[in-house]
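Trainee: fold the following.
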Amino acid sequence: MRIFSILTALLVTGLLYLFVVERDLLRGLIGFSSTEEENLQLEEPTEDPEQLVMEEIKPVNVVASTFEQEMVDTSITLTGTTRAARYVDVKSETSGLVISEPFRKGENVSKGDILCELDPGTRLAVLDEAQAQLKSAEINAVTATRLADGGLGSEASKTSAQATLQATLAAIDRAEKEISRLTIKAPFDGLLETDAAEVGSLLQTGSLCATIIQLDPIRIIGFVSESDVDKLQIGNPAQARLISGRNVTGEVTFISRSADESTRTFKVEITVGNSDLSIRDGLTAEISILADKNMAHLIPQSALTLDNTGELGVRTVVDDTVRFRKVDLLLDSPYGAWVVGLPPRVDIIVVGQEFVVDGAKVAVTFRENTL
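Mentor: Alright, predicted model coming up:
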């Protein structure tokens, strides 16, 4: 009895050992492997990794158009002001009372028209006196010269008589010049900006008789930056849009050689015909000056993009491969952007350029360039 108890205890201890410590061994003894089920569950058909990569990399569909270089006129835009070709304050050179009927402001005058006429006063009498003395001075000069040459008179008398004659002639010239200053004439064809001096008003030397301006042709003055001034030349065609909306055309007639010290800009003058005098002095105008001609491409503004470094450019297609090309913006237009820096003929991606990178393969669909 005691032996059976000992055997039973040993058997139970052995079974507990197998279940707790040698569990894998026990499973092996009974024909079941713990890894078989896991291997069965993990076993799945595998595919070639290279084949998966090839399936993932597919050409991106893009749309491109072909663009060719064209000759384009570049222009410089600046703001200016209209200015009369001439603007003169006509002033008196002598003093006197005005005796002429005045022209009224706004009237057209021609060169040589009398704007103001002054009362001569005693000036005519002074001239008459000088002319009367001239007769006596001439006789005295002739007599003194003959006596001196014949040895009957002195050289001093001869010299004195000739000096008296010259002084008399000078007095006549002064009197005639003074009388000519009594008539104040228009220096050029123009338009009166003020009334001429009224009858009876006293003009002193330097007093204003009238202000006259010349509006045909008229100048439009603007200031161009130092970075653009070298692009301009005398004779460049120009167009100006006045504040009223009217467009006028002319050409560059002056480019300053000295910059304004405060703004570092250069004065530019445009001359425009104004035969009907409809363009007034002092109007604001937007000036557009045609500068040099350049070869450039006109492309849609939407085709412009930036690369990873922030450079402006376009993405082109070469042998179904994307190539980024840097461009410089020449000017904007209502139809697109004029750019330089591309080959004469180039295929540019116009749809899908933001979804591809330099060097990527693409499936290109070409469409006609409608610009």
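Trainee: going forward, measure contacts and count neighbours with C-alpha atoms only.
Mentor: OK.
Trainee: neighbours of the closest residue to E101 other than its chain neighbours, how many?
Mentor: Excluding the flanking residues, the one nearest E101 by C-alpha to C-alpha, 6 or more residues apart in numbering is V199, at 6.0 Å. Neighbour count of V199, defined by other C-alpha atoms under 10 Å: 15.
Trainee: which residues touch V199?
Mentor: L97, V98, I99, S100, E101, P102 (C-alpha atoms under 8 Å, 6 or more residues apart in numbering).
Trainee: with F324 instead?
Mentor: Contact partners of F324, counting by C-alpha under 8 Å, 6+ apart, are D307, G313, V314, R315, T316, D358.
Trainee: one more: L191?
Mentor: K105, G106, E107, N108, V109, I212, I213, Q214, L215.
Trainee: likewise for S258?
Mentor: So S258 contacts F266 (C-alpha under 8 Å, 6+ apart).
Trainee: Three-state assignment for it, please.
Mentor: What DSSP: H, G, I helix; E, B strand; the rest coil gives for S258 is coil.
Trainee: ok, it to V252 distance?
Mentor: 17 Å (C-alpha to C-alpha, to the nearest Å).
Trainee: picking that back up, any of the contacts of L191 buried? List them.
Mentor: V109, I212, I213, Q214, L215 (16 or more other C-alpha atoms under 10 Å).
Trainee: which of those residues lies closest to G222?
Mentor: L215 (17.5 Å; C-alpha to C-alpha).
Trainee: identify the bridge partners of the closest residue in space to that closest one that isn't next to it in sequence.
Mentor: Sequence neighbours aside, A84 is the residue nearest to L215 in space, at 4.9 Å (criterion: C-alpha to C-alpha, 6+ apart). When assigned by DSSP bridges, A84 has beta-bridge partners I218.
Trainee: A84: neighbour count?
Mentor: Neighbour tally, A84, other C-alpha under 10 Å: 17.
Trainee: contacts made by stretch 205-213 with the rest, please.
Mentor: Taking C-alpha under 8 Å, 6+ apart as the rule, stretch 205-213 contacts 84-95, 115-116, 184, 186, 190-197, 203.
Trainee: mind listing what's buried along it?
Mentor: Residues of stretch 205-213 classed as buried: S207, L208, C209, A210, T211, I212, I213 (neighbour count, 16+ other C-alpha under 10 Å).
Trainee: mind putting the residues you listed in CSV, secondary structure included?
Mentor: Output for those, formatted as CSV (three-state DSSP):
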residue, secondary structure
S207, coil
L208, strand
C209, strand
A210, strand
T211, strand
I212, strand
I213, strand
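Trainee: show me the strands in the stretch 101-250 of the chain, by range?
Mentor: 108-109, 114-117, 183-185, 190-192, 202-203, 208-225, 237-242, 247-255 (DSSP state E, counting those that start in this stretch).
Trainee: re earlier: going through the contacts of stretch 205-213, which ones are buried?
Mentor: Listed as buried from the contacts of stretch 205-213 are 84-87, 90-95, 115-116, 184, 186, 190-197, 203; burial here means 16+ other C-alpha under 10 Å.
Trainee: mind checking the SS state of A291?
Mentor: strand.
Trainee: tell me the contacts of it?
Mentor: Applying C-alpha under 8 Å, 6+ apart, the residues near A291 are D73, T74, S75, I76, K231, L232, Q233, N236.
Trainee: pull the most distant pair out of those residues.
Mentor: Maximum distance among the contacts of A291 (C-alpha to C-alpha): 14.0 Å, for D73 and Q233.
Trainee: show the backbone phi and psi for P344.
Mentor: Torsion angles at P344 (phi, psi; degrees, to the nearest 10) stand at phi -50, psi -40.
Trainee: wait, what's in contact with the residue nearest to it when sequence neighbours are not counted?
Mentor: Once flanking residues are discounted, P344 sits nearest to Q69: 5.1 Å by C-alpha to C-alpha, 6+ apart. Q69 sits next to M295, A296, H297, L298, P343, P344, R345 when contact means C-alpha under 8 Å, 6+ apart.
Trainee: dump the residues you listed into JSON lines; add distance to A337, neighbour count and secondary structure as well.
Mentor: Output for the contacts of Q69, formatted as JSON lines (distance: C-alpha to C-alpha, whole Å; neighbours: other C-alpha atoms under 10 Å; DSSP: H, G, I helix; E, B strand; the rest coil):
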{"residue": "M295", "distance to A337": "13", "neighbour count": "16", "secondary structure": "strand"}
{"residue": "A296", "distance to A337": "10", "neighbour count": "24", "secondary structure": "strand"}
{"residue": "H297", "distance to A337": "8", "neighbour count": "26", "secondary structure": "strand"}
{"residue": "L298", "distance to A337": "6", "neighbour count": "21", "secondary structure": "strand"}
{"residue": "P343", "distance to A337": "16", "neighbour count": "13", "secondary structure": "coil"}
{"residue": "P344", "distance to A337": "16", "neighbour count": "13", "secondary structure": "coil"}
{"residue": "R345", "distance to A337": "16", "neighbour count": "11", "secondary structure": "strand"}
